[in-house]
Structures are given as structure tokens and as C-alpha cells.
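Chemist: what's the 3D shape of this:
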Amino acid sequence: MRKHQVSTEKGQLQYMRRFILGWKTLGYARRWSAQIVNYADDFVICCKGRAEDAMAAMRGMMEKLKLTVNDDKTHLCQIPQERFDFLGYTFGRCYNQQTGRAYIGTRPSQKSIKRMVESVTQETDRCRTLMDAEVVVGRLNRKLTGWANYFCLGPVSPAYRAINTHAKQRLRRWLCKKHKVRGNGATRYPDRYLYQQVGLIRLPA
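Modeler: Sure, this is the predicted structure:
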């Protein structure tokens, strides 16, 4: 498996469609069992072998189409020994939580988790303490729900637990700042209060 990213310019999506069509027309898909999976100009070529040949063919086609390949984000990746990120997910070896057996699957990438944590931090910043709690919690819940709706594939529980923990800690801290409560607020605003009284949602971890 390999991941490639092409720099975006006006009209490049049209050229990407030509690239994908040409890949099949020239017989590369059949020759190397190499299938392209793409979203906009971000794509992965999944092949069973001859990865170097497929890489060279891709670069040749991109050059003819006058598309620029981002070399920093273009590399060969051997699954399951290695992992790669694509569209917010990490692809690679996962383990069944019940049987412990290994399989090739997906989970939310560390970058995606980090971005969500940063978004929660921004929503509960001290500069928002003049806002009503209902407004802040409503905005926070929409972000949490939207994130979980997208990142719902594979073993998501570790990511959900990390985000749940950060969200409740940040909301508790925000409430302390808003109401000038000293300390960490664990006694004044326990988990039950945050979830049942304030209405913070908890991702199903």
C-alpha cells in the first residue's frame, strides 16, 4: 500500500479523474492488482506486489498530466508491518478486543485525536466564560457528535475515552472559571453533574 498526495490547484480534480481512468485503461490496475482509493486529490494505491513499479508508473502519469506529487507525503508502506494515515484514519494491524486476533483495519489517527482535543480546548477557553453554559455545552456536543459520527470505524474506544476525559476536564475547568470556584472543581462539578445536569454528552467508549 502506498499513500500519495497531490498539490491542489484549480482544475486538478479533473486531472485526477483522468489519472484514475488512465490507470485502468493502461492496464496498471490488472498488471499489479493495484487499485486506487481516492478522495478529491488524496489517494492510496493498494497493490499486492511490485510496489516500486506501481510508484514509477504513477509518477510518470502525474508528470504527463502536469500534476505535482508531494514527495514529503508520498511513500511506500508495507502492511501489516507498517501503518499509514489516510482521511483521518490510521490503517494497519488492529486486534480484536474479544479474541485478541490480529487483522488489518482502521482506527482514528493520532493527528485526528489531537485536532479534536485542540478543538475542545478552544470551545472551553476562558475567554468564553461570559457565554451561557447551555451555549458552550451545545457547541461542544455538536463537535463531539460530528467527530464520533465520522470516526466510527474500527477500535474507537481508546480514542473516545481520551476525548471524553479531556472534554469533561475542560468543561469542569471552564465552569470553575465562570463561577470563580477555586480548585479543580471535582467536588463542585463531579462527572454526574456534567453529564446529567449540564448535559455534556459522553461518547460510547
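Chemist: residue ranges for the strands of this structure, please.
Modeler: 2-5, 35-39, 42-46, 75-76, 84-86, 89-95, 102-108 (DSSP state E).
Chemist: Now tabulate those in TSV and tack on distance to Lys177 and mean neighbour count.
Modeler: For every residue, glycine as well, the C-beta is placed using N, CA and C. Shown next, in TSV, are the strands of the chain (distance: least, Cβ to Cβ, whole Å; neighbours: other Cβ atoms under 10 Å):
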stretch	distance to Lys177	mean neighbour count
strand 2-5	40	19
strand 35-39	40	15
strand 42-46	39	18
strand 75-76	44	13
strand 84-86	35	19
strand 89-95	35	17
strand 102-108	29	17
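Chemist: CSV for the ones you listed, including distance to Gly199 and mean pLDDT?
Modeler: Formatted as CSV, these follow (distance: least, Cβ to Cβ, whole Å; pLDDT from 0 to 100):
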stretch, distance to Gly199, mean pLDDT
strand 2-5, 40, 50
strand 35-39, 34, 95
strand 42-46, 36, 95
strand 75-76, 44, 95
strand 84-86, 33, 96
strand 89-95, 29, 96
strand 102-108, 24, 96
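Chemist: Dump those strands to JSON lines, plus distance to Leu21.
Modeler: What follows is those, written out as JSON lines (distance: least, Cβ to Cβ, whole Å):
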{"stretch": "strand 2-5", "distance to Leu21": "17"}
{"stretch": "strand 35-39", "distance to Leu21": "10"}
{"stretch": "strand 42-46", "distance to Leu21": "13"}
{"stretch": "strand 75-76", "distance to Leu21": "24"}
{"stretch": "strand 84-86", "distance to Leu21": "21"}
{"stretch": "strand 89-95", "distance to Leu21": "25"}
{"stretch": "strand 102-108", "distance to Leu21": "27"}
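Chemist: Out of these, the one nearest Thr145 is which?
Modeler: Thr145 lies closest to strand 102-108 among the strands of the chain, at 14.9 Å (Cβ to Cβ).
Chemist: Quick check: which ranges of this structure have low pLDDT?
Modeler: Within the chain, the segments meeting pLDDT under 70 span 1-11.
Chemist: Quick check: longest helix in it by residues?
Modeler: helix 157-179 (DSSP state H).
Chemist: Please state the offset of that one from the chain centre?
Modeler: Its chain's C-alpha centre and that of helix 157-179 lie 20 Å apart, by Cα atoms, centre = their mean, to the nearest Å.
Chemist: what number of residues lie near Asn149?
Modeler: 8 (other Cβ atoms under 10 Å).
Chemist: quick one, phi/psi of the residue nearest to Phe84 when sequence neighbours are not counted?
Modeler: In space, and not counting its chain neighbours, Phe84 is closest to Cys77: 4.4 Å by Cβ to Cβ, 6 or more residues apart in numbering. Dihedral pair for Cys77: phi -140, psi 120, per degrees, to the nearest 10.
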